[in-house]
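Visitor: sequence isn't available, so here's the structure alone:
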């Protein structure tokens, strides 16, 4: 599962200083109380980190321009340009940048530069007690799923599945960022007309529950760990890229065998970008979803604007939402920021 590099449409701010505190091995208990981070305001400082795959200086310069144009200041992680094979530095340093950004009082939001691979490797090195004591916005998607779910599970902090710094910050994406993270609005998320036409209902109906999810292959890689939240009465959203249908089948089967699917109150599959049936005889993706999800008898659909696509929702993880599979709507029932 790789995240494609994307050029910016200038719109969002981040200057360069960096602080670092040592990384920690902390195993907190799974959190039951939700903590909402303070909202982002014009003039605030946003911290950029590279907790997974490597980036280059051009990526950083584009990110600075984008965020500065939104009226924000920028601070860079100390190890943002490090390189260790396919990783953006060694585990301890990447984790240190995450901890440092949470500890830096001047930083009001943390945005990952990109996904790739590496988030799972640093989860034991994050100081969850420290993160809980210094709540702030953290956002990303793809491999960043591991950080978002672990932080929500271990601290109760609402995290945000949304654009990374190397995403396309177009008007659609930016409007959701502004409404949810800046304005603290209760947003109803609906597909654009073009995407709406490709939406497919698995099981009709409405459902309410705690919104949890992210990249399917990353969630699968976290099964059996203490870094996943409680799934009871939750609405699961997933997405992926570059996976053959049989692999999607295998991963959803694993969620089923792990006892996750039967705890859900609703299910949303965003986009499976460049997911093919391969060269061998294959089931279709919808056949796989219908076989696994329809027997659950919960509202479910495929085709929401979630994943490795240009136009994407900003999804708060840990808050209560209502979904309507008939119309493909995700409705926030509470604000995600304080």
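Guide: Everything's here; your move. Everything quoted here is computed from the prediction, not taken from an experiment. Residues are numbered from 1 along each chain as shown.

Visitor: residue 150 versus residue 275, what's the distance?
Guide: According to CB to CB, to the nearest Å, residue 275 stands 26 Å off from residue 150. Just so you know, the C-beta spots here come from the backbone N, C-alpha and C atoms, and that holds for glycine as well.

Visitor: residues in contact with the closest residue to residue 57 other than its chain neighbours?
Guide: Spatial nearest neighbour of residue 57, excluding adjacent residues (CB to CB, 6 or more residues apart in numbering): residue 81 at 6.4 Å. For residue 81, the contacting residues are 50, 55, 56, 57, 60, 88, by CB atoms under 8 Å, 6 or more residues apart in numbering.

Visitor: got it, and residue 138?
Guide: 37, 109, 110, 111, 112, 147, 148, 151, 157, 159, 160.

Visitor: coming back round to it: closest to residue 205 out of the contacts of residue 81?
Guide: Among the contacts of residue 81, residue 50 lies closest to residue 205 (CB to CB), at 41.2 Å.

Visitor: model confidence for the residue nearest to residue 57, exactly?
Guide: As predicted, residue 81 sits at a pLDDT of 97.

Visitor: ok, now residue 7?
Guide: At residue 7, pLDDT is 36.

Visitor: how much space between the residue nearest to residue 57 and residue 88?
Guide: Where residue 88 is concerned, residue 81 sits at a distance of 8 Å (CB to CB).

Visitor: repeat that for residue 95.
Guide: Applying CB to CB to residue 95 and residue 88 gives a distance of 11 Å.

Visitor: of residue 275 and residue 150, which one has the most company?
Guide: Between residue 275 and residue 150, counted using other CB atoms under 10 Å, residue 150 has the larger neighbour count: 25 against 16.

Visitor: does the more buried one count as helix, strand or coil?
Guide: Under DSSP: H, G, I helix; E, B strand; the rest coil, the three-state class of residue 150 is helix.

Visitor: which ones are touching it?
Guide: 123, 126, 128, 222, 227, 228.

Visitor: at 7 Å what do you get?
Guide: 123, 227 (CB atoms under 7 Å, 6 or more residues apart in numbering).

Visitor: give me the pLDDT for it.
Guide: Looking at residue 150, the pLDDT reads 98.

Visitor: separation between it and residue 131?
Guide: Applying CB to CB to residue 150 and residue 131 gives a distance of 10 Å.

Visitor: quick check: which ranges of the stretch 51-200 of the chain have low pLDDT?
Guide: Within the stretch 51-200 of the chain, the ranges that satisfy pLDDT under 70 run 194-197.

Visitor: how about the strands in it?
Guide: Using DSSP state E, counting those that start in this stretch, the strands of the stretch 51-200 of the chain run over 73-76, 107-112, 137-140, 159-161, 188-189, 200-203.

Visitor: tell me which other helices or strands the shortest one touches.
Guide: When you say that, I think you mean strand 188-189. strand 329-332 (3 or more CB pairs under 7 Å, 6 or more residues apart in numbering; DSSP states H and E).

Visitor: which elements pack onto the strand it packs on?
Guide: strand 188-189, strand 320-324.

Visitor: of all the ones you listed, which one is nearest residue 247?
Guide: Short answer: strand 320-324, nearest of the helices and strands packed on strand 329-332 by CB to CB, at 25.5 Å.

Visitor: what pairs with that closest one, parallel or antiparallel?
Guide: In the sheet, strand 320-324 lines up against strand 206-215 (antiparallel), strand 329-332 (antiparallel) (DSSP bridges).

Visitor: on that earlier part again, just give me the closest of the contacts of residue 138 to residue 298.
Guide: Once CB to CB is applied, the member of these that ends up nearest residue 298 is residue 148, at 22.9 Å.

Visitor: what residues does the closest one make contact with?
Guide: 138, 140, 159, 161, 214, 317.

Visitor: any idea how far it lies from residue 115?
Guide: 11 Å.

Visitor: element containing residue 268?
Guide: strand 266-273 (DSSP states H and E).

Visitor: before we move on, the earlier item: export the strands paired with strand 320-324 as a markdown table, with columns for distance to residue 279.
Guide: Formatted as a markdown table, the strands paired with strand 320-324 follow (distance: least, CB to CB, whole Å):
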| stretch | distance to residue 279 |
| --- | --- |
| strand 206-215 | 25 |
| strand 329-332 | 35 |
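
Visitor: between these, which one is nearest to residue 75?
Guide: strand 206-215 (25.3 Å).

Visitor: what about residue 199, neighbour count?
Guide: Residues near residue 199, counting by other CB under 10 Å: 15.

Visitor: isn't it up against residue 327?
Guide: No - applying CB atoms under 7 Å, one finds residue 199 not in contact with residue 327, separated by 9.0 Å.
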